[in-house]
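Asks: sequence? don't have it. structure:
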């Protein structure tokens, strides 16, 4: 069938498929988080705050509520600007400021959970 430029699109729906999408952020790129504890790893969506990260890490590892643990990020997973500020192999996440510095400008990050508890 030949189609000329004079034909109309009257039979086509006026709304495109993409305009009908209920979740407008469905096509947005997600920033990912890799949580690592011992020999276990999981991939999640990167949380917006340090408190959400800490709660998610505690929930995933199923550590007892009174267990002390640390969160650290290897410098190869942070932005070049942030890694220049660090002299060691890790950035330890101690609060909101260190977390925001670590995730600034990266699409994904690896956070290692360090604890004295047996795994």
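Replies: Received it, and whenever you're ready, just let me know what you need. Since the structure is predicted, the reported quantities are computational estimates derived from the model, not experimental observations.

Asks: Assign residue 47 to helix, strand or coil.
Replies: Following DSSP: H, G, I helix; E, B strand; the rest coil, residue 47 is assigned to coil.

Asks: Report the contact partners of it.
Replies: When the contact criterion is Cβ atoms under 8 Å, 6 or more residues apart in numbering, the partners of residue 47 are 33, 53, 56. In this view, the C-beta of every residue, glycine as well, is placed from N, C-alpha and C.

Asks: any idea of the pLDDT on it?
Replies: With respect to pLDDT, residue 47 scores 94.

Asks: next one: residue 53
Replies: pLDDT for residue 53: 95.

Asks: Isn't it up against residue 100?
Replies: No - contact criterion Cβ atoms under 8 Å: residue 53 and residue 100 do not qualify, at 10.9 Å.

Asks: If you count surrounding residues, which of those two has more?
Replies: Using other Cβ atoms under 10 Å, the more surrounded residue of residue 53 and residue 100 is residue 53, with 23 against 14.

Asks: and the more buried one, what helix or strand is that in?
Replies: In this structure, residue 53 sits in helix 50-61 according to DSSP states H and E.

Asks: what's the spacing between stretch 41-58 and its chain's center?
Replies: For stretch 41-58, the distance between its averaged C-alpha position and the chain's averaged C-alpha position is 8 Å (Cα atoms, centre = their mean, to the nearest Å).
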